[in-house]
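Chemist: how would this look folded up:
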Amino acid sequence: MMKMMKKLEYRKIQRVGKGSFILTLPREWVKEAGLDKGDHIAVIVQDDQSLLLIPRKILDKKEREERTQREFRIHVGAESDIESVCRMIRSLYVVSADIIHICFKSKVPPEYKTAIRHLSKNLLLGSEIIRETDNEITLQILIDHPDFPVDQAIRRMAILALSANKEAISALRKCDRHTIEIISETCNDVERLNLYVIRQLKYYLERKDPEALGFKSPKEFLGYRIIANVIKEIADNALNIANNIQTVQNMIEDQMLLLNRSLDEELYMQILEFNSKAHRFFEEALNVLFRRDYEGADRLISQYQATTRLENDIVIMLSSKKLDPNISAILRLIINNSRKIIEGGRNIAEITLNRTVEEKVDWTILS
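Modeler: Next up, the predicted model:
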């Protein structure tokens, strides 16, 4: 063992706080291992009480090389339903399948080929069709978990969902099929990231390894699952608004509906301002989540009541205007969804409180 040592060094143990001890690492070793602030190092206590330090990225790489791929087969019969098969593929993706074989008793029907290709391309992040025969389609999930951290995926989901919400509201002034298509594609991207986040959370939960995601306890897995669902709901609501606007637009074009009054500009600007505040509130909630900022989350929750008063003022203004019932219904839907964005931000702030409160207080486990 001594022959493997490059250099023998002695390091002094330092004490921090009441019960923590720290030891500095050799600068040259840190550089050679490609480590940086925030990286994880596995600490293994040997039988002789010596310590073995292994960079987390080296352990992960070794595990990926040694890990047996999880391979599944779906047998599709004549009575099978396309949507049911696609749901099964999605579920297998979420539970960390590496390879999925979709097997048919006879030749693969063209509609199944189209549906599976669409599913792989638009919803299953990192999946590729690697083999296609007359009676079988094989999917492989190629993305590596450390290459796309869950925080980054959540942040990207939020950017897309809020963008879809903004586009949907702007469609009230000018709506065309291209705008609806953009919103629909954006919502598909949010769903794709949502499935990936669930896959990641389940992967590390099964390994009982919260530290790999920057979590300090397994309780944080549930919090992130809730957050992903909140963001997905923002995107779904945006698409719902856009579809409602498109329906009214189609009725006007088909002369089935004649609007009595145009959109009230004063009211529309107030709604835009309320929605902008909802976006800022939600974005700040995510920022305090990623910073593990207990005080910031607490301040946000304190600000929540002020946003509800603003919503009430807009609802009163809406009630006082003589608008076409169809436009009025869409405006109420927009206001309601802006409120849901704020509520989602408040929920994220509460999750931040729950994940960081133990770091802010002294606590003791009584036997």
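Chemist: what ranges do the helices span in the stretch 151-300 of the chain?
Modeler: Assigned by DSSP state H, counting those that start in this stretch, the helices in the stretch 151-300 of the chain fall at 177-206, 219-253, 265-291, 294-320.
Chemist: can you put those in JSON lines and add mean neighbour count and distance to Gly34?
Modeler: Every residue, glycine included, has its C-beta placed from N, CA and C. Below are those laid out as JSON lines (neighbours: other Cβ atoms under 10 Å; distance: least, Cβ to Cβ, whole Å):
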{"stretch": "helix 177-206", "mean neighbour count": "19", "distance to Gly34": "22"}
{"stretch": "helix 219-253", "mean neighbour count": "19", "distance to Gly34": "27"}
{"stretch": "helix 265-291", "mean neighbour count": "18", "distance to Gly34": "23"}
{"stretch": "helix 294-320", "mean neighbour count": "14", "distance to Gly34": "32"}
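Chemist: who wins for proximity to Tyr112 among these?
Modeler: With Cβ to Cβ as the criterion, Tyr112 lies closest to helix 177-206 of those, at 19.9 Å.
Chemist: Let's check: the centremost residue of the protein is which one?
Modeler: By Cα atoms, centre = their mean, the mean C-alpha position of the chain lies nearest to Ile154, the distance being 3.4 Å.
Chemist: quick one: contacts for it?
Modeler: 197, 224, 227-228, 231, 286 (Cβ atoms under 8 Å, 6 or more residues apart in numbering).
Chemist: cool, and Ile180?
Modeler: By Cβ under 8 Å, 6+ apart, the neighbours of Ile180 are 171, 242-243, 246.
Chemist: now swap in Lys113 and tell me
Modeler: Shown in contact with Lys113 (Cβ under 8 Å, 6+ apart): 132, 137.
Chemist: Reformat the helices of the stretch 151-300 of the chain as CSV; add mean pLDDT and distance to Ser106.
Modeler: Output for those, formatted as CSV (pLDDT from 0 to 100; distance: least, Cβ to Cβ, whole Å):
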stretch, mean pLDDT, distance to Ser106
helix 177-206, 92, 30
helix 219-253, 91, 37
helix 265-291, 95, 50
helix 294-320, 91, 57
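Chemist: Which one, of those helices, ends up nearest to Thr138?
Modeler: Set against Thr138 and scored by Cβ to Cβ, these come closest in helix 177-206, at 18.5 Å.
Chemist: Tell me the spacing between Lys313 and Phe72.
Modeler: Not Lys; residue 313 is Asp. Asp313 sits 54 Å away from Phe72, taking Cβ to Cβ, to the nearest Å as the criterion.
Chemist: same deal with Asn194?
Modeler: Asn194 sits 21 Å away from Phe72, going by Cβ to Cβ.
Chemist: Nearest to Ser276 among the contacts of Ile180?
Modeler: Relative to Ser276, the closest of the contacts of Ile180 is Ala171; by Cβ to Cβ it sits at 16.4 Å.
Chemist: Let me know how buried that closest one is, in neighbour terms.
Modeler: 22 (other Cβ atoms under 10 Å).
Chemist: how about the contacts of Ile180, which pair is most distant?
Modeler: Across the contacts of Ile180, the longest distance by Cβ to Cβ is 10.0 Å; it joins Ala171 and Asn243.
Chemist: What residue spans form the domains of the chain?
Modeler: Domains of the chain are assigned by automatic domain parsing as 2-58, 67-141, 147-357.
Chemist: Poorly predicted segments of the stretch 1-150 of the chain, please.
Modeler: Along the stretch 1-150 of the chain, segments meeting pLDDT under 70 span 1-7, 17-19, 60-67, 144-146.
Chemist: Could I get the full set of strands for it?
Modeler: For the stretch 1-150 of the chain, strands defined by DSSP state E, counting those that start in this stretch occupy the ranges 14-16, 20-22, 41-45, 51-55, 71-76, 99-104, 127-132, 136-141.
Chemist: out of those strands, which comes closest to Glu211?
Modeler: Across the strands of the stretch 1-150 of the chain, closest to Glu211 is strand 41-45 (Cβ to Cβ), at 9.7 Å.
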